[in-house]
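> here is my input; please provide its structure:
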Amino acid sequence: MDDIVIIIPAYKPERTIMMEFIKKVKNKFTKIVVIDDGSGKEYTDFFKELQNNGIVVLKHYINFGKGRGIKTAFNYVLNNYSNITGVVTADCDGQHYVEDIIKCAEKLREDPKKLVIGYRNFDEKQVPFKSRFGNKLTRTIFGAFVGIKIIDTQSGLRAFGTKTMETFLRTTGERYEYETNMLIDCKEKDIQIAEVPISTVYIQNNKGTHLNPIKDSIAIYQIFAKYIISSLSSFMLDIILYAA
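Predicted coordinates for the structure are as follows:
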């Protein structure tokens, strides 16, 4: 697929898993952008090997977080690629099958103005309890307080058209909370969301993830709190102005 760019953020990845994953992606997509999010000197040779194999590698000197990495890639793609439909973001830890990336890309082609999300089935037996509980809790809270019903609010497999990329370049957040802020921006900016079912993959009980279950969850739930406070403040201001 020449009209789709694959974006893969990476921070101290499992080398073998990521290399095998990229080889499979490269068989189907000609444009791949990897973000080395401050992995350190011990990963220099690994990312150099990717570059030698035709992969674009963007480097952060220190670890800024997944959100900043995605925005760095968006900026690069918008500046360097023309006549593309958009991009698909995928995790580097082998959780996404190439077949599912293709499904998201094809869904994006149907309407590039939408945000496409690949959603997982958290009721499958191989899903770790903390992942099942955390995702279902976040989904419930998000639906109740933000007003958008999404099956998988934390999926990293997403597809974006060029216009939505421009919009999300301005979205706040540096780490995992950035992906939640995207969803809130969809409501604020009237961007429709399309969901595509994908395989649910957890390699070695999700060993390769760098998500901090406490720190990053707190950051995500703080977003909900700020959104609720902001909405209530606007509501009260409307009431006061109407009364006046």
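
> would you point out which residue is most central in this protein?
Centroid-nearest residue in the chain, with Cα atoms, centre = their mean: Gly156, separated by 3.7 Å.

> that one should be in a strand, yeah?
No: applying DSSP: H, G, I helix; E, B strand; the rest coil, one finds Gly156 to be coil, outside a strand.

> surely it is in contact with Cys92?
No: using Cβ atoms under 8 Å, Gly156 makes no contact with Cys92, being 9.4 Å away. In this view, the C-beta of every residue, glycine as well, is placed from N, C-alpha and C.

> check contacts around the residue lying closest to the residue nearest to the centre of the chain once chain neighbours are set aside.
With sequence-adjacent residues excluded and distances taken as Cβ to Cβ, 6 or more residues apart in numbering, Gly156 is closest to Asp91, at 4.4 Å. With contact set as Cβ atoms under 8 Å, 6 or more residues apart in numbering, Asp91 has these partners: 8-9, 156-157.

> now render those residues as a markdown table, adding pLDDT.
A markdown table is the format used below for those (pLDDT from 0 to 100):
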| residue | pLDDT |
| --- | --- |
| Ile8 | 98 |
| Pro9 | 97 |
| Gly156 | 92 |
| Leu157 | 97 |
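
> out of these, flag the one nearest to Arg109.
Leu157 (15.8 Å; Cβ to Cβ).

> who are the contact partners of the nearest residue to that closest one once chain neighbours are set aside?
In space, and not counting its chain neighbours, Leu157 is closest to Gly118: 3.6 Å by Cβ to Cβ, 6+ apart. By Cβ under 8 Å, 6+ apart, the contact set of Gly118 is 96, 100, 103-104, 152, 155, 157-158, 195-198.

> same thing but 6 Å
Counting by Cβ atoms under 6 Å, 6 or more residues apart in numbering, Gly118 touches 100, 104, 155, 157, 196, 198.

> of all the contacts of Asp91, which comes closest to Arg15?
Nearest to Arg15 among the contacts of Asp91, with distances taken as Cβ to Cβ, is Ile8, at 13.5 Å.

> so what strands line up beside the helix or strand containing the closest one?
Element membership for Ile8, per DSSP states H and E: strand 4-10. Here strand 4-10 has these sheet partners by DSSP bridges: strand 31-37 (parallel), strand 86-89 (parallel).

> and of the ones you listed, who's closest to Asn52?
Among these, if distance is taken as Cβ to Cβ, the winner is strand 31-37, at 12.7 Å.

> ok, then the element right after the closest one?
helix 44-52.

> what comes up buried for that next one?
Judged by neighbour count (16 or more other Cβ atoms under 10 Å), helix 44-52 contains these buried residues: 46-47, 50.

> switch those over to CSV; also include distance to Arg68 and pLDDT.
CSV is the format used below for the buried residues of helix 44-52 (distance: Cβ to Cβ, whole Å; pLDDT from 0 to 100):
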residue, distance to Arg68, pLDDT
Phe46, 21, 97
Phe47, 17, 98
Leu50, 20, 97
